[in-house]
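**Student:** With the sequence up front, the predicted model follows.
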Amino acid sequence: MGRFVIGSAWPYVQTVPHLGNLIGSVLSADVYARYLRLRGHEVVFVSGSDMHGTPIEVEAIQLGVDPAEYAYKMHQVVAELFRRWNISFDLYTHTHSDTHIKFVQDFFLKIYENGYIFTKEEEVPYCPRDKIYLPDRFIIGRCPYCGYERARGDQCENCGRLLDPKQLIEPRCAICGSKPEWRTTRHWYLDLRKLEDRIRRYVEENPHLPQNAKEMSLAMLKEGLRPRAITRDNKWGIPAPFPGAEGKTIYVWFEAVLGYISAVIEHFRRLGREGEWERFWKDPETKIIFFVGKDNIPFHVIILPALLLANGGGYTMPTSTASTEYLLYEGDKFSKSRRWGIWIDEALQLLPADYWRFVLVYIRPENRDTNFTWATALEIINKVMNDDIGNYINRVLTFIKNRTGGVVPPPGRAAAEDEDFIAKATELFKKAERHYDAIELKDALHTVVEIAREGNRYLNARAPWELVKTDVEAAYAVLHRAYWSLKMLAVGLAPVVPDSAYQLWKMMGETSELKWEEALRPPRPGTPLGEVKPLFRKITEAEVRSMLKKLEELRSQKAAKKFPWEQALL
C-alpha cells in the first residue's frame with residue numbers, strides 16, 4: 001500500500017468559502033483522501049486557514065478589532081463548517097500556529113543562506129488617502145495580457161497570469177479607488193531565474209500533472225520566470241527572518257504553501273510521533289497531491305517546487321496538483337457583493353451535506369468551467385440520487401425483507417443473465433476505481449451510478465417477483481446478485497456521500513468494516529438486514545422556491561450583524 005500527503009488549498013478566512021471554493025479544493029481532496037483510505041493506503045490529509053495579510057488587517061482595523069482576533073474567530077467558524085460538511089481532515093490548522101511560524105522562518109532563512117534570496121530597493125504602491133502600503137492584492141487595474149479591468153497586482157483572475165503591480169494599466173487602490181503613489185522601500189526577493197531550468201524539467205517530465213496545470217505553467221516558463229518579492233510592509237504576518245528585515249513580513253502566498261509541510265509536522269507532533277513527518281515529506285516513495293482551483297496553479301506548480309529546491313532540505317517534490325476549472329452559479333461568477341451564489345454555511349441550512357456533496361462532485365468542473373443551476377441540482381437529486389440509486393436500493397432490500405425472511409438469500413441457481421449482470425457490475429466498479437485512481441472524481445461517480453442503473457434494468461428484465469412464484473432458486477440467484485451489486489454501490493459511493501454509504505451498509509446488515517475490497521467479496525447468505533428505509537428523497541420545485549426565499553431571509557439576518565463571524569450561519 002502507498003503513502004500519501006493530500007493537501008487542499010488553504011482558504012483565506014476573510015470570509016466563509018462558497019460552493020465553488022469547496023468543490024475546487026476541500027471537497028475534492030476529501031473525496032480522494034476517503035477513497036485512498038478505503039483502499040488501505042496510509043494517508044495524511046491536511047489544510048488550514050490562511051490567516052495573514054493586508055485584507056484581514058484592513059478589515060479588522062475598519063471593524064475596530066485586532067487582526068489576530070478577527071483571524072482566529074473566522075478560523076473557528078470555517079473549521080466548524082468543514083466539520084459539518086464531513087471533511088475528513090487529519091488536521092485542519094492555521095498559519096499563525098507556533099509550528100508554522102517557526103517552520104516558515106527556518107525554511108526561508110535556509111533559502112537565504114543558500115544564495116537564492118537577494119534584496120533590492122523598489123517603488124511600491126502607497127495609498128495616501130488610507131495611509132497604507134498596498135500589497136499586490138490591494139491594487140487593481142487593467143491586465144496587460146488580457147485587458148481584464150479588475151486584475152490584481154499579483155495575479156489576473158481572468159487569465160491566470162502572475163503580475164507585478166507596475167504592470168497594471170491605470171492602477172488604483174482597491175480600498176478607496178484613488179490613484180496610488182509609488183514610494184521606495186527595500187524588499188527581499190526569491191531569485192526564480194536560478195531555479196527556472198529545474199522547474200521546467202519538473203513540469204515537463206511530470207506525467208501526473210493535469211492538462212490545465214501543465215499548460216498554464218509551461219506558458220509562464222516560456223515567458224521566463226522573474227524574481228518575486230517575498231516580503232511585505234504590512235504588520236499582520238510572519239516576521240521576515242532575514243538580517244536587516246525588521247518590520248517586514250513574509251508574503252502570505254509564499255508562507256501559506258509551506259503549510260502543507262508544517263501541518264504534517266504539527267499532526268505528528270500532536271500524536272507524540274514527532275519525527276514521523278519526514279516519512280511523508282522526505283521519502284521519494286510518498287505521493288504528494290494538492291487540490292486547488294485553477295487560479296492557484298502557479299503557486300503550487302511553480303512557486304512551492306521552487307521553494308523546495310531552493311531550500312535543499314531533501315524534500316519530496318509534489319506528485320500532482322489536481323486543479324479544477326471554475327464553478328459558476330446560474331451562469332455567472334460567485335460574488336459576495338452582488339449576493340450571487342451560495343456559501344457553505346448557507347448551503348447546510350437548505351439541504352443535508354450529502355446532497356450537496358453528491359451534486360457538486362457529479363458536476364465537478366474537471367476540464368472546463370461548469371454551471372451550477374437549481375434546475376440541474378433538482379434533476380440530479382430527484383432522478384439520479386432518488387430514482388436511479390435510492391429506488392434500486394429500496395427495491396432490492398424491500399424484496400429481500402419481505403420475501404426471504406429478511407436475510408440475504410443463497411446464490412441460488414444462476415442463469416446466464418445473472419452471471420452477465422454481476423460481470424457488468426464488477427467491470428463498472430473496476431472502471432470507477434480507475435477513475436478514482438486518476439483523480440477523475442466526476443467520472444468515478446458517474447460510473448458508480450451506472451451500477452444502480454444497470455441493476456434497475458436487471459431487476460426489470462429478470463422480475464424476481466414473478467420468479468419467486470414458480471422457481472425460488474432462480475429468484476434467489478437474482479436477489480443474491482442484486483444484493484452483491486449494492487455492496488459495490490455502497491463502497492463506490494462512500495468517498496462522495498459517506499453518511500449515506502454507511503447508512504446503506506447498516507441497512508444491508510453488513511458487520512464488516514466498509515473497505516474497498518469488500519465490494520468484490522460475495523455476500524454471506526443468511527446475513528440479516530437492518531432497518532430498511534429510503535436513503536434519499538425527492539425535492540420539489542416548490543421546496544426550492546421556499547429554500548431560495550429562506551436564503552434571502554437568512555442573508556438579511558446576516559447583513560444586520562457587524563462582525564463576519566457573527567454573520568456565519570452555525
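**Tutor:** All right, it came through fine.

**Student:** And the strands in the stretch 301-450 of the chain?
**Tutor:** If DSSP state E, counting those that start in this stretch is used as the criterion, the strands of the stretch 301-450 of the chain fall at 320-324, 327-329, 370-372.

**Student:** and the first one, average pLDDT?
**Tutor:** Read that as strand 320-324. For strand 320-324, the per-residue pLDDT values average out at 95.

**Student:** so what's Thr363 up against?
**Tutor:** Let me fix one detail, which is that residue 363 is Ile and not Thr. Ile363 sits next to 327, 370, 372, 376, 380, 442 when contact means C-beta atoms under 8 Å, 6 or more residues apart in numbering. Any C-beta I mention is one placed from the backbone N, CA and C, and that applies to glycine too.

**Student:** let's go with 10 Å and repeat that
**Tutor:** When contacts are counted by C-beta atoms under 10 Å, 6 or more residues apart in numbering, Ile363 is found next to 23, 327, 370-373, 376-377, 380, 442, 445.

**Student:** thinking again about what came up before, quick one: closest of the strands of the stretch 301-450 of the chain to Arg200.
**Tutor:** strand 320-324 (15.8 Å; C-beta to C-beta).

**Student:** tell me what the closest one is packed against?
**Tutor:** Counting contacts by 3 or more C-beta pairs under 10 Å, 6 or more residues apart in numbering; DSSP states H and E, the secondary-structure elements packed against strand 320-324 are strand 3-8, helix 27-38, helix 211-223, strand 287-293, helix 441-462.

**Student:** Okay, now the sheet partners of the first one, with direction.
**Tutor:** Okay, so that is strand 3-8. strand 42-49 (parallel), strand 287-293 (parallel) (DSSP bridges).

**Student:** Can you verify my assumption that Ile393 contacts Lys487?
**Tutor:** No. Counting by C-beta atoms under 10 Å, Ile393 does not reach Lys487; the two are 11.4 Å apart.

**Student:** Please enumerate the shared neighbours of these two.
**Tutor:** In terms of C-beta under 10 Å, 6+ apart, Ile393 and Lys487 are both contacted by the residues 504, 508.

**Student:** Would you mind putting the contacts of Ile363 into CSV with pLDDT alongside?
**Tutor:** Converted to CSV, the contacts of Ile363 look like this (pLDDT from 0 to 100):
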residue, pLDDT
Ile23, 97
Leu327, 96
Thr370, 96
Asn371, 96
Phe372, 97
Thr373, 96
Thr376, 96
Ala377, 97
Ile380, 98
Lys442, 98
Leu445, 98
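
**Student:** Emit the PyMOL select command for whichever of these are buried.
**Tutor:** Buried members of the contacts of Ile363, identified by 16 or more other C-beta atoms under 10 Å, are gathered into one PyMOL selection as follows:
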select buried, resi 23+327+370+372+377+380+442+445
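
**Student:** Point out where the stretch 101-250 of the chain drops to low pLDDT.
**Tutor:** Confidence mapping of the stretch 101-250 of the chain against pLDDT under 70 gives zero matching residues.

**Student:** Please enumerate the strands of it.
**Tutor:** Applying DSSP E, counting those that start in this stretch to the stretch 101-250 of the chain gives strands spanning 117-127, 132-133, 139-142, 151-152, 169-173, 181-190, 228-229, 231-232, 249-250.

**Student:** closest to Glu215 out of the ones you listed?
**Tutor:** Proximity of these to Glu215 was assessed by C-beta to C-beta; the nearest stretch is strand 151-152, lying at 19.9 Å.

**Student:** Name the residues of stretch 530-541 that are buried.
**Tutor:** Residues 530, 532, 535-536, 539 are the ones in stretch 530-541 that count as buried (16+ other C-beta under 10 Å).

**Student:** now, among those residues, which is nearest to Cys156?
**Tutor:** Distances from Cys156 to these, taken as C-beta to C-beta, are shortest for Ile539 (38.4 Å).

**Student:** Just the element for the closest one, please.
**Tutor:** Remark: Ile539 resides in no helix or strand, with elements defined by DSSP states H and E.

**Student:** And for the one 5 residues further on?
**Tutor:** When elements are defined using DSSP H and E, Val544 is found to belong to helix 541-559.

**Student:** which parts of that helix are buried?
**Tutor:** Of the residues in helix 541-559, those buried under the neighbour-count criterion (16+ other C-beta under 10 Å) are 544, 547, 551, 554, 558.

**Student:** For the nearest residue in space to the second one that is not next to it in sequence, give its distance to Tyr133.
**Tutor:** Pointing back at Met547 there. Spatial nearest neighbour of Met547, excluding adjacent residues (C-beta to C-beta, 6 or more residues apart in numbering): Leu350 at 4.6 Å. Going from Leu350 to Tyr133 by C-beta to C-beta, to the nearest Å gives 42 Å.

**Student:** and stretch 267-276, what's its mean pLDDT?
**Tutor:** Mean per-residue pLDDT for stretch 267-276: 96.

**Student:** Start and end of it, how far apart?
**Tutor:** Chord length of stretch 267-276, first to last residue, is 10 Å (C-alpha to C-alpha, to the nearest Å).

**Student:** got a list of contacts for it?
**Tutor:** With contacts defined as C-beta under 10 Å, 6+ apart, stretch 267-276 is touched by 44-46, 89-91, 93, 99, 264-266, 277-280.

**Student:** ok, the residue lying farthest from the centre of the chain to Pro411 distance?
**Tutor:** When distances are taken from the C-alpha mean of the chain, Thr470 lies farthest, 52.3 Å away, according to C-alpha atoms, centre = their mean. Between Thr470 and Pro411 the distance is 19 Å, computed by C-beta to C-beta.

**Student:** show me where the stretch 451-570 of the chain has helices.
**Tutor:** If DSSP state H, counting those that start in this stretch is used as the criterion, the helices of the stretch 451-570 of the chain fall at 464-470, 472-493, 498-507, 541-559, 564-567.

**Student:** Just name the closest of the buried residues of helix 541-559 to Cys156, please.
**Tutor:** Comparing those against Cys156 with C-beta to C-beta picks out Lys558 as the nearest, at 30.4 Å.

**Student:** Verify the contact between that closest one and Trp565 for me.
**Tutor:** No. The pair Lys558 / Trp565 is not scored as a contact, 11.2 Å apart, by C-beta under 10 Å.

**Student:** Pull up the overlap in contacts between these two.
**Tutor:** Counting by C-beta under 10 Å, 6+ apart, the common neighbours of Lys558 and Trp565 are Val16.

**Student:** So what sits opposite the nearest residue to Pro239 once chain neighbours are set aside in the bridge?
**Tutor:** Ranked by C-beta to C-beta, 6+ apart and with sequence neighbours excluded, the top spatial neighbour of Pro239 is Thr249, at 6.1 Å. Residues in a beta bridge with Thr249, per DSSP bridges, are Arg232, Pro239.

**Student:** okay, now Thr249: neighbour count?
**Tutor:** For Thr249, the neighbour count with other C-beta atoms under 10 Å is 23.

**Student:** and the residue nearest to Met547, what does it touch?
**Tutor:** Counting by C-beta under 10 Å, 6+ apart, Leu350 makes contact with 342, 356, 539, 543-544, 546-548, 550-551, 554.
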